[in-house]
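Undergrad: Sequence plus predicted model, see below.
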Amino acid sequence: MLFSQVAGQEEIKRSLVNSINNNQVSHCYLFEGPEGMGKYELALLFAQSLFCLNFHDEPCNECKNCIKVNSLNHPDLHIINEEGKGIKREDIDDLISSIYKKPYEADIKVYIIKDAHLMTPQAANTFLKTLEEPPGDAVMILMTVNSNLLLPTIVSRCHVHKFRSVSKETIMASLKDFDGQTAELAAYYSKGILNKALNIVQGKDDILKKREEIIKIFDRIINNDSEIIYELENYFDDEKDNIDSIIEIMTIWIRDIMYVQNNLENLVINKDYIDLLKLHGKRMKANSDLIEFMQNISNDIKSNINYKLAIDNMLFKIQEDFK
Ligand SMILES: [Zn+2]
């Protein structure tokens with residue numbers, strides 16, 4: 001991979017490349033930001049660049065080190081918590097037992113620690129001791145969704161790079177070769193995460209397909225009696241892992257209906273469904289509190305309330321607010 005192939009995060013890329021060019025590589029980095037911002041991609045690319053024998057603003061992708069990193073087979077590249085399941089004291093003990101030894105093949109060792117906030121307190125304390133006396137030939141790259149979840153003493157010893165979301169305009173500009181409406185939907189649903197927007201327009205992320213499915217289901221819910229709620233039980237059971245996206249899609253749909261009811265069609269997101277939105281707009285109660293209700297259901301589900309009950313409540317409420 002190349003830095004120029006990673007979308008966005010220009011400032012971070014420049015800083016990483018400069019640190020190699022100027023021989024000012026830190027021993028510990030912290031990449032902070034939401035999922036899908038390219039933290040892991042960039043951590044791997046940075047590791048590859050550190051190992052590359054012919055680095056010149058970009059790794060060469062041809063030397064033996066590049067080839068081994070690209071296939072995740074470099075013996076001096078250590079990825080901790082690859083599965084994202086948690087980091088125990090033993091994992092950090094393993095790290096320590098290798099970090100003070102010589103590298104196998106390269107001049108350095110690189111440690112990528114995914115979801116570093118998942119360290120148990122014992123693991124974090126042990127790790128902190130390593131950070132206090134880091135060996136000169138090791139580079140550690142910690143990744144986290146939120147640095148507040150880490151020990152402040154760990155954060156203060158790292159060079160922090162915050163991955164920021166990208167504006168809708170920047171996303172739209174980088175999607176200019178794609179169909180306008182699809183690009184707009186992707187820009188909206190990606191919530192400022194460029195990689196996600198790209199995946200959506202390229203069909204690697206199926207949120208737009210899900211959107212069509214959910215709009216059809218929503219239409220069925222308000223056009224049938226309570227029987228449909230029982231019919232949909234299996235569907236929602238199977239979709240438990242996607243419920244966040246489903247509630248989001250429904251919420252955007254309901255908000256669009258409100259825009260239509262208030263003659264604010266220019267603000268509608270689901271522009272390709274404007275006729276259906278108008279039909280639904282004629283039937284939804286004025287001053288419906290459905291959006292707030294959906295938010296509460298989403299919170300209930302996150303706090304592990306009975307899932308089936310929460311879904312039933314949601315579907316009954318939708319029916320109630322459409323006459
Ligand atoms: Zn190389």
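TA: That came through fine.

Undergrad: Can you give me the neighbour number for the residue nearest to His27 when sequence neighbours are not counted?
TA: Closest residue in space to His27, ignoring its immediate chain neighbours: Pro134 at 4.3 Å, by CB to CB, 6 or more residues apart in numbering. C-beta here means a position set from N, CA and C on the backbone, and glycine is covered the same way. When neighbours are counted by other CB atoms under 10 Å, Pro134 registers 16.

Undergrad: What of Asp312?
TA: Quick note: Asp312 (other CB under 10 Å) scores 17 neighbours.

Undergrad: Check Cys52 too.
TA: Cys52: 21 neighbours (other CB under 10 Å).

Undergrad: Verify the stated contact: it with Cys60.
TA: Yes. Under the criterion of CB atoms under 8 Å, Cys52 makes contact with Cys60 at 5.6 Å.

Undergrad: Now the common contact residues for those two.
TA: Cys66 (CB atoms under 8 Å, 6 or more residues apart in numbering).

Undergrad: ok, how many other residues are close to Gln24?
TA: A count of neighbours around Gln24, defined by other CB under 10 Å, yields 10.

Undergrad: what residues does this protein put near the ion?
TA: 52, 59-60, 63, 66 (CB under 5 Å from the ion).

Undergrad: which pair in these spans the largest distance?
TA: Pairwise distances across the residues of the chain next to the ion (CB to CB) peak at 8.2 Å, for the pair Pro59 and Cys63.

Undergrad: So the two - more neighbours on which side?
TA: Using other CB under 10 Å as the criterion, Pro59 and Cys63 rank with Pro59 on top: 26 against 16.

Undergrad: I figured that one hits Cys66, correct?
TA: Yes. With contact defined as CB under 8 Å, Pro59 reaches Cys66; the gap is 5.3 Å.

Undergrad: can you list residues touching both of those two?
TA: Counting by CB under 8 Å, 6+ apart, the contacts common to Pro59 and Cys66 are 48, 51-52.

Undergrad: Tell me the one of the residues you listed nearest Asp312?
TA: Within these, the smallest distance to Asp312 is 50.4 Å, found for Gln48 (CB to CB).

Undergrad: Secondary structure and pLDDT for the residues of the chain next to the ion - can I get that in a markdown table?
TA: Below are the residues of the chain next to the ion laid out as a markdown table (DSSP: H, G, I helix; E, B strand; the rest coil; pLDDT from 0 to 100):
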| residue | secondary structure | pLDDT |
| --- | --- | --- |
| Cys52 | coil | 97 |
| Pro59 | coil | 97 |
| Cys60 | coil | 97 |
| Cys63 | coil | 97 |
| Cys66 | helix | 97 |
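
Undergrad: and the longest strand for the protein?
TA: Longest strand in the chain, counting residues (DSSP state E): strand 138-144.

Undergrad: In the sheet, which strands lie alongside that one, parallel or antiparallel?
TA: Strand 138-144 has the following strand partners under DSSP bridges: strand 28-32 (parallel), strand 109-113 (parallel).

Undergrad: rewinding a little: which among the shared contacts of Pro59 and Cys66 gets closest to Ser288?
TA: Among those, and counting by CB to CB, the member closest to Ser288 is Gln48, at 52.7 Å.

Undergrad: Could you report the separation of the closest one from Gln202?
TA: Distance, Gln48 to Gln202, by CB to CB, to the nearest Å: 24 Å.

Undergrad: higher neighbour count, those two?
TA: Neighbour count, other CB under 10 Å: between Gln48 and Gln202, Gln48 has more, with 26 against 11.

Undergrad: which stretch of helix or strand covers whatever residue of the stretch 151-300 of the chain ends up closest to the ion?
TA: Residue of the stretch 151-300 of the chain nearest the ion, by CB to the ion: His161 (22.6 Å). Assessed by DSSP states H and E, His161 sits inside strand 159-162.

Undergrad: what packs against that strand?
TA: Contacts defined by 3 or more CB pairs under 8 Å, 6 or more residues apart in numbering; DSSP states H and E place strand 159-162 against helix 10-21, strand 28-32.

Undergrad: Show residues contacting the longest one.
TA: Spelled out, it's helix 10-21. By CB under 8 Å, 6+ apart, the surrounding residues in contact with helix 10-21 are 3, 6, 24-26, 31, 42, 46, 49-50, 55, 57, 161, 163.

Undergrad: in that helix, what's buried?
TA: Neighbour-count burial for helix 10-21 flags 12-13, 16-17, 19-20 (criterion: 16 or more other CB atoms under 10 Å).

Undergrad: what angle separates it from strand 28-32?
TA: Per axes from the mean of the first three to the mean of the last three CA atoms, to 10 degrees, the angle that helix 10-21 makes with strand 28-32 is 170 degrees.

Undergrad: Now helix 10-21: average pLDDT?
TA: For helix 10-21, mean pLDDT is 95.

Undergrad: CA-only coordinates of it in PDB, if you can.
TA: Provided in PDB are the C-alpha atoms of helix 10-21 (Å, rounded to 0.1, in the frame of the first residue of the first chain):
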ATOM      1  CA  GLU A  10      -3.500  14.300   5.100                       C
ATOM      2  CA  GLU A  11      -2.000  16.000   8.200                       C
ATOM      3  CA  ILE A  12      -1.300  12.700  10.000                       C
ATOM      4  CA  LYS A  13       0.100  11.100   6.800                       C
ATOM      5  CA  ARG A  14       2.400  14.100   6.300                       C
ATOM      6  CA  SER A  15       3.600  14.000  10.000                       C
ATOM      7  CA  LEU A  16       4.300  10.300   9.800                       C
ATOM      8  CA  VAL A  17       6.300  10.600   6.600                       C
ATOM      9  CA  ASN A  18       8.200  13.600   7.900                       C
ATOM     10  CA  SER A  19       9.100  11.700  11.100                       C
ATOM     11  CA  ILE A  20      10.800   9.000   9.000                       C
ATOM     12  CA  ASN A  21      12.500  11.500   6.700                       C
END
